[in-house]
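Q: make a model of this:
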Amino acid sequence: MESSNARTKVVIVGGVAGGASCAARLRRLDENAEILMVERGPYVSYANCGLPYHVGGVIEKESSLLVATADTFRFMFNIDVRTNCEAVRILPDTKTIELRDVLTGEVTSESYDKLVLSPGALSVRPPLPGIDLPGIFQVRTVPDARAIREWIERGSLFLTGMDRYAGFQTVKPKTRAVVIGGGFIGLETAENLVHRGFDVTLVEMLDQLLAPLDRDMARNCRRLRRAAWHPAGAQ
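A: Below is the predicted model of the structure:
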């Protein structure tokens, strides 16, 4: 017979918005639960919607994106957090999960009483020719935002120094960007690339932007964003 004082062990896969919120809430509900949260990336609990604003320089410091760190969860909530740790196999019959350290490749096994899956979704990368060429990015994680910022700030070999020459080369060519996806992150990315001086084209497969919203609400959001991009010409 199990002891009434036995601790419940909960493993949470995913440590960003959903997983981190679940872990913190669970701790508030049960002070004795053993909680393990694993995250495949290097960071937990960061502001997803802030990523485009870091690209645009509105949020200058990368550290400002981090709502909490692994140490925050350990010391404030007594939650075991493992970053760079990927769930690779679930064995429901034995209530165990296999975890792989993405840096070393080592695979370990953890038991659980309850399992929460909150890994998030991968960015859609359509199978188009050239999809893996340099200069094509996704906006999902802190390292993604860092890669875009570094690409913009480093510039391209073609443009390097062209604005320093005389004659017709004194005008630096306009830089262009294409954003695929007209959801919240797509619009925020387009907005911030405009602020960075890009000529931006936004592409959306559906017949409206902000598809999770109804058309009237999406239209109002578009007006607000248009005012943010071009205050003088907002209607």
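Q: now the strands for this protein?
A: 9-13, 34-39, 80-83, 85-91, 96-101, 107-111, 114-117, 176-180, 199-203 (DSSP state E).
Q: export those strands to CSV and tack on mean neighbour count, distance to residue 71 and mean pLDDT?
A: Backbone N, C-alpha and C define where each C-beta goes, glycine included. Listed next are the strands of the chain as CSV, based on neighbours: other C-beta atoms under 10 Å; distance: least, C-beta to C-beta, whole Å; pLDDT from 0 to 100:
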stretch, mean neighbour count, distance to residue 71, mean pLDDT
strand 9-13, 22, 17, 98
strand 34-39, 23, 13, 98
strand 80-83, 19, 8, 97
strand 85-91, 15, 15, 97
strand 96-101, 17, 18, 98
strand 107-111, 13, 20, 97
strand 114-117, 15, 21, 98
strand 176-180, 16, 35, 93
strand 199-203, 14, 38, 93
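Q: dump those strands to TSV, plus distance to residue 141.
A: Shown next, in TSV, are these (distance: least, C-beta to C-beta, whole Å):
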stretch	distance to residue 141
strand 9-13	16
strand 34-39	10
strand 80-83	12
strand 85-91	14
strand 96-101	18
strand 107-111	23
strand 114-117	18
strand 176-180	17
strand 199-203	21
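Q: so which of those strands gets nearest residue 131?
A: Closest approach to residue 131 among the strands of the chain (C-beta to C-beta): strand 176-180, 10.4 Å.
Q: what's that closest one in contact with?
A: For strand 176-180, contacts defined as C-beta atoms under 8 Å, 6 or more residues apart in numbering pick out 186, 189, 190, 193, 198, 199, 200, 201, 202, 203, 204.
Q: and the strands of the chain: which comes nearest residue 20?
A: Across those, residue 20 has its closest neighbour in strand 34-39 (7.2 Å, C-beta to C-beta).
Q: sorry, back to before: any chance of the contacts of strand 176-180 in JSON lines, plus distance to residue 27?
A: Formatted as JSON lines, the contacts of strand 176-180 follow (distance: C-beta to C-beta, whole Å):
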{"residue": "186", "distance to residue 27": "34"}
{"residue": "189", "distance to residue 27": "34"}
{"residue": "190", "distance to residue 27": "38"}
{"residue": "193", "distance to residue 27": "39"}
{"residue": "198", "distance to residue 27": "43"}
{"residue": "199", "distance to residue 27": "48"}
{"residue": "200", "distance to residue 27": "42"}
{"residue": "201", "distance to residue 27": "45"}
{"residue": "202", "distance to residue 27": "41"}
{"residue": "203", "distance to residue 27": "42"}
{"residue": "204", "distance to residue 27": "40"}
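Q: partners of the nearest residue to residue 90 once chain neighbours are set aside in the sheet?
A: Using C-beta to C-beta, 6 or more residues apart in numbering and skipping the chain neighbours, the partner closest in space to residue 90 is residue 97 (5.2 Å). Going by DSSP bridges, residue 97 is paired in beta bridges with residue 90, residue 110.
Q: any idea how far residue 97 lies from residue 8?
A: Using C-beta to C-beta, to the nearest Å, residue 97 is found at 15 Å from residue 8.
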